[in-house]
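Undergrad: What shape does this take:
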Amino acid sequence: MPKPPSAVDEGSEVVADESLQRRQRRSYSAQFKRRILEQAAACQNHGEVAALLRKHGLYSSHLSQWRAQFAEGGRAALVAKVAGRKPRLDAKDRRIAELERENAKLSARLELSEKVVAFQKKAQELLAALSERKT
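TA: Okay, the predicted model is just below:
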């Protein structure tokens, strides 16, 4: 009977196939990104940037993405963001968000009510002025 594809027989040991293991995502520090950007900016001859990228195992998309991040937010933008979901709100934060939504609704209703009252005052003044004309 053949062995499953996840295992390879090497002598008497069974070794897990490396292609089935989960690969780790590479991450780079802000200092490394800044150093690579500086080195790439210093390159003047044709092919120097490509050689720099090959030396460090990077892609040109890394360089263009880091340049855009640096142009947008400076050195602080090069710092890696924390991956994953945002932390859940605790009960206090949920209550604050609920109260802010309720406050916004009530503010909108108050503004509408004030406009209606102002309209009614103007209508009453117009009716008063018309009734004075007729008499």
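Undergrad: Doesn't residue 75 lie inside a helix?
TA: Yes - counting by DSSP: H, G, I helix; E, B strand; the rest coil, residue 75 is found in a helix.
Undergrad: Run a quick neighbour tally on it.
TA: Number of residues near residue 75 (other CB atoms under 10 Å) recorded here: 12. (C-beta placed from N, C-alpha, C; glycine too.)
Undergrad: residues in contact with it?
TA: When contacts are counted by CB atoms under 8 Å, 6 or more residues apart in numbering, residue 75 touches 30, 34.
Undergrad: now the strand or helix carrying residue 53: how far from the chain's centre is it?
TA: Using DSSP states H and E, the element containing residue 53 is helix 48-56. With CA atoms, centre = their mean, to the nearest Å as the basis, helix 48-56 stands 29 Å off its chain's centre.
Undergrad: Report the helix or strand with the lowest average pLDDT across the chain.
TA: When each helix and strand of the chain is scored by mean pLDDT, DSSP states H and E, strand 7-10 comes last, with a mean of 48.
Undergrad: In the helix holding residue 53, which residues are buried?
TA: 49, 52-53 (16 or more other CB atoms under 10 Å).
Undergrad: neighbouring contacts of it?
TA: 36, 39-40, 43, 59-60, 62-63.
Undergrad: and with 10 Å instead?
TA: Residues outside helix 48-56 that contact it (CB atoms under 10 Å, 6 or more residues apart in numbering) are 28, 32, 35-36, 39-43, 45, 47, 58-63.
Undergrad: Just the buried residues of these.
TA: Neighbour-count burial (16+ other CB under 10 Å) is assigned, among those, to 36, 40, 58, 62-63.
Undergrad: What count of nearby residues applies to residue 132?
TA: Residues near residue 132, counting by other CB under 10 Å: 8.
Undergrad: would it count as being in a helix?
TA: Yes - judged by three-state DSSP, residue 132 forms part of a helix.
Undergrad: I am finished for the moment; much appreciated.
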